[in-house]
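Chemist: okay, predicted coordinates and the sequence, questions at the end:
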There are 2 protein chains.
Amino acid sequence: DDVVDHSDEEMWVREPLRDRRLVVKTARPFNAEIPPKLQIQHLDTPNELFYVRQHMPVPELDPATHRVKVSVGGHDPRTFSLQQLDQFPRVTLRAALMCAGNRRSEMNKVKPVKGLDWAGGAISNATWTGVRLRDVLLQCGVDPTDTKGKHVILQGADIDATGVNFSTSIPLATALSEERTVLLVTHMNGAPLPPDHGAPLRAVVPGAPAVRSVKWLESITVSELESPSHWHQKDYRAFNPSKTWETADFSTAPPVYSLPVTSAICDPGEGEQVKVKNGHVEVKGYAYSGGGAKIMRVDISADRGATWVEAQHLISDDAPPNTHYGWTLWTARVPVGKGQSEMELWAKATDSNFNTQPEKFDDIWNIRGILSNAYHKIKIKLQH
Amino acid sequence: DDVVDHSDEEMWVREPLRDRRLVVKTARPFNAEIPPKLQIQHLDTPNELFYVRQHMPVPELDPATHRVKVSVGGHDPRTFSLQQLDQFPRVTLRAALMCAGNRRSEMNKVKPVKGLDWAGGAISNATWTGVRLRDVLLQCGVDPTDTKGKHVILQGADIDATGVNFSTSIPLATALSEERTVLLVTHMNGAPLPPDHGAPLRAVVPGAPAVRSVKWLESITVSELESPSHWHQKDYRAFNPSKTWETADFSTAPPVYSLPVTSAICDPGEGEQVKVKNGHVEVKGYAYSGGGAKIMRVDISADRGATWVEAQHLISDDAPPNTHYGWTLWTARVPVGKGQSEMELWAKATDSNFNTQPEKFDDIWNIRGILSNAYHKIKIKLQH
Ligand SMILES: [Mo]
Ligand SMILES: [Mo]
């Protein structure tokens, strides 16, 4: 668990104001979901509704004086102000960010897991504007032909109660990939980054768990080793369902740098009464797949998998498969039987690698409750 | 179905000699699997044991006179002999090729599908040596900044009974991707391509269904449209389980350009008697995922998913995730209960996007029986 001193009121008095519509999971540190019905209102989530996942208090940084230090072995470290970063070509990219623990609450019902009990609201979508980490690293002397086994450690200005800064790392090959487009961003949906989203500078690693998109970025270090931080070493690693806290070996398990295909029904919500129109109910939600995969199809079953209806409307941007980092919003029309009073809905998405979601959480269960991407299943009541 | 004239004996007299160990599914055209126990003997499958999937008779081409024609809009078509292709940098890449219909026989048991009844032997692994399609296309004048909606049509010298050449296409963005490394190859595991594998020149599209890796390659055309061939338009497209031959619309379904994570147990085989050693049985197989994803873990259950044992030995090459195109061979030691006489084994793989296989075939069933990647399940007998 994160080491946060909740007793020191002084640490928390400068927290930003938050939109009252966010669903707060923990107040200190601030962790909050976007409500499902607001998720599907916009392809790009308004900044004030973007889900928030903090490990520590939000640091206050001055854009005018903020610097990011870039250290590449064999070269003098360099520092860049925001203005100095502007020398590099500016890029805008649409990418969803999703917590590796999104939809953990559903896995938690199978057998308790450790972590924030997120429903499906730990994902939002935005356009991000900034410069390529690749361009910065190349100017700082990185050898793009020597990436094997190397990493880029990204450190934020957020500090835990023991004085340790948040940090994690990504493979150098990912940082330098022209197709991945890892960014150092200053703007979110065209506006300067809000404090909750890393003002004035954060990394965006598209297609990766959001934890790798380090906020309040203050240092970038090319290294032979992954980040030594406990967030990197002791979390965001995957195990099979039989591994326990006693038998799981974090030192040999690979870090999670991408996310599997997932989907969720956002409207109607669990248990809701839904009006039947022309013999159908309308069902809406999101779907997403990591690593640049694009959502190709969303299928809905109202009879526990016996038959499937394909969602007719898929809204996403036109980035091609392999470099498609945004989420997809979908709408399906599901037929209703005469006089049917209840319905169980299952949602499953298929991505451009034709991977699909597993049917149930049992076989992907893991101690930390991450990668919780089985079918989303809800029950509703029908009103004729 | 392929249009092949079986009555014209003359068409078939020049077919190559084949290794007697291959498991023949159809003799004309020749389609044959590698037996499971031979799959796991070598990381790189010996050429004579590489599975064979033909649509038509094997064309006889002379390497000395063979030419490939490259047509790029707005430029005069160019032709290249094999010697002229040697001007480009030579690249060797390890990649598995897998038929989109591999493991169809297991889906076929749920409900009949149309297609060759492949078991798990329609996948093999090799190193491929040739030149980058990217380099050839750039020399022929392709604009790498103008890929949107464009395709590269790859045509082979194999001809059906109506006189139509085999052809399919891939997105131009894939053809030009530096990370995908689409190749025009002349050598397989260091030896000249055998006739069954496209001598003297074939495409290799790593991470894609093998159908895109066109053999006996004779023309390459950059186009605003996908290949018009029936192999491209009427096959290798995916539908949900409720689509029938009457309701499936091939014109709106996306072509399959990548493959989902899969695995198979190769040793022991279904129904075999296995000797228990030190309270365990040894289980071996392969795992693979398309689109450059790397296999991160293989888990085996001997109790229908209640518990999972992680395979300890994963053998593959050291290409990083996202550009990992080879298969992975694995070995697991599965504990056996005292006096246990039978065992049901389930295998599931997890890739570097942390996608996993679906548990059963029902919900991925499709009319053509492709993308058949649910858990592999076998029953064995135990000998103490
Ligand atoms: Mo997260
Ligand atoms: Mo195939």
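Modeler: Arrived safely. No experiment lies behind these values; they were computed from the predicted model shown. Ligands and ions are numbered 1, 2, ... in the order given.
Chemist: got the CA positions of stretch A:109-117 in CSV?
Modeler: Written as CSV, here are the backbone C-alpha positions of stretch A:109-117 (Å, rounded to 0.1, in the frame of the first residue of the first chain):
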residue,chain,number,x,y,z
LYS,A,109,-16.5,-10.3,-5.8
VAL,A,110,-15.0,-13.6,-6.9
LYS,A,111,-12.4,-13.6,-4.0
PRO,A,112,-11.1,-10.5,-2.2
VAL,A,113,-8.1,-8.7,-3.8
LYS,A,114,-6.0,-5.8,-2.5
GLY,A,115,-6.5,-2.4,-4.0
LEU,A,116,-9.0,0.5,-4.6
ASP,A,117,-12.4,-1.0,-5.3
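Chemist: close to ligand 1, is that stretch?
Modeler: No: on the criterion C-beta under 5 Å from the ion, stretch A:109-117 is out of touch with ligand 1, staying 8.2 Å away. From N, CA and C alone the C-beta is placed, and that goes for glycine too.
Chemist: residue nearest the middle of chain A, spatially speaking?
Modeler: The centroid of chain A falls nearest to A:M98 when counting by C-alpha atoms, centre = their mean (1.5 Å).
Chemist: show me the contacts for the residue nearest to that one when sequence neighbours are not counted.
Modeler: In this structure, A:M98 finds its nearest non-sequential neighbour in A:I123, 3.8 Å apart by C-beta to C-beta, 6 or more residues apart in numbering or on different chains. With C-beta atoms under 8 Å, 6 or more residues apart in numbering or on different chains as the criterion, the residues that contact A:I123 are A:39, A:51, A:96-99, A:102, A:286, A:288, A:327.
Chemist: ok, A:S242 next?
Modeler: B:307-309.
Chemist: closest one of those residues to ligand 2?
Modeler: Closest approach between the contacts of A:S242 and ligand 2, by C-beta to the ion: B:W308, at 30.9 Å.
Chemist: could you check how far the closest one is from B:A349?
Modeler: Separation of B:W308 from B:A349 (C-beta to C-beta, to the nearest Å) stands at 12 Å.
Chemist: which one of the two has more residues nearby?
Modeler: B:A349 (28 against 22; other C-beta atoms under 10 Å in any protein chain shown).
Chemist: verify the stated contact: that one with B:P260.
Modeler: No: with contacts counted by C-beta atoms under 8 Å, B:A349 stays clear of B:P260, the gap being 10.1 Å.
Chemist: overlap in contacts, these two.
Modeler: B:289, B:357.
Chemist: show me where the stretch 201-350 of chain A has its strands.
Modeler: A:202-204, A:217-223, A:262-267, A:273-275, A:280-288, A:295-301, A:309-310, A:313-315, A:328-335, A:342-351 (DSSP state E, counting those that start in this stretch).
Chemist: what comes into contact with the third one?
Modeler: With contacts defined as C-beta under 8 Å, 6+ apart, strand A:262-267 is touched by A:36-37, A:39-40, A:98, A:102-103, A:120, A:283-289, A:295, A:298, A:330, A:345, A:347-349, A:357, A:373, A:376, A:378.
Chemist: which among those residues count as buried?
Modeler: Taking 16 or more other C-beta atoms under 10 Å in any protein chain shown as the criterion, what is buried in those is A:36, A:39-40, A:98, A:102-103, A:120, A:283-289, A:295, A:298, A:330, A:345, A:347-349, A:357, A:373, A:376, A:378.
Chemist: from these, which are also near ligand 1?
Modeler: Counting by C-beta under 5 Å from the ion, nothing from the buried ones among the contacts of strand A:262-267 sits close to ligand 1.
Chemist: find the residue ranges of chain A scoring beneath the pLDDT cut-off.
Modeler: Regions of chain A meeting the criterion pLDDT under 70 cover residues A:1-3, A:6.
Chemist: let's go with 90 and repeat that
Modeler: Along chain A, segments meeting pLDDT under 90 span A:1-11, A:13, A:161.
Chemist: what segments of it are helices?
Modeler: For chain A, the helices defined by DSSP state H cover A:36-39, A:82-85, A:104-110, A:133-139, A:172-176, A:230-233.
Chemist: hey, which of the ones you listed is tucked in deepest?
Modeler: helix A:172-176 (a mean of 24; mean count of other C-beta atoms under 10 Å in any protein chain shown).
Chemist: need the contacts of A:S242 in a markdown table (columns: distance to ligand 2).
Modeler: Shown next, in a markdown table, are these (distance: C-beta to the ion, whole Å):
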| residue | distance to ligand 2 |
| --- | --- |
| B:T307 | 36 |
| B:W308 | 31 |
| B:V309 | 32 |
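Chemist: which stretches in the stretch 51-200 of chain A count as strands?
Modeler: Counting by DSSP E, counting those that start in this stretch, the stretch 51-200 of chain A has strands at residues A:52-53, A:67-71, A:78-81, A:90-98, A:123-132, A:151-159, A:165-171, A:183-188, A:191-192.
Chemist: columns distance to B:D196 on top of those strands, output as TSV?
Modeler: Shown next, in TSV, are these (distance: least, C-beta to C-beta, whole Å):
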stretch	distance to B:D196
strand A:52-53	53
strand A:67-71	52
strand A:78-81	56
strand A:90-98	44
strand A:123-132	45
strand A:151-159	43
strand A:165-171	38
strand A:183-188	47
strand A:191-192	59
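Chemist: nearest residue to the residue in chain A positioned nearest to ligand 1 other than its sequence neighbours?
Modeler: Chain A approaches ligand 1 most closely through A:C99 (3.5 Å), counting by C-beta to the ion. Distances taken as C-beta to C-beta, 6+ apart place A:A122 nearest to A:C99, at 3.8 Å, with adjacent residues excluded.
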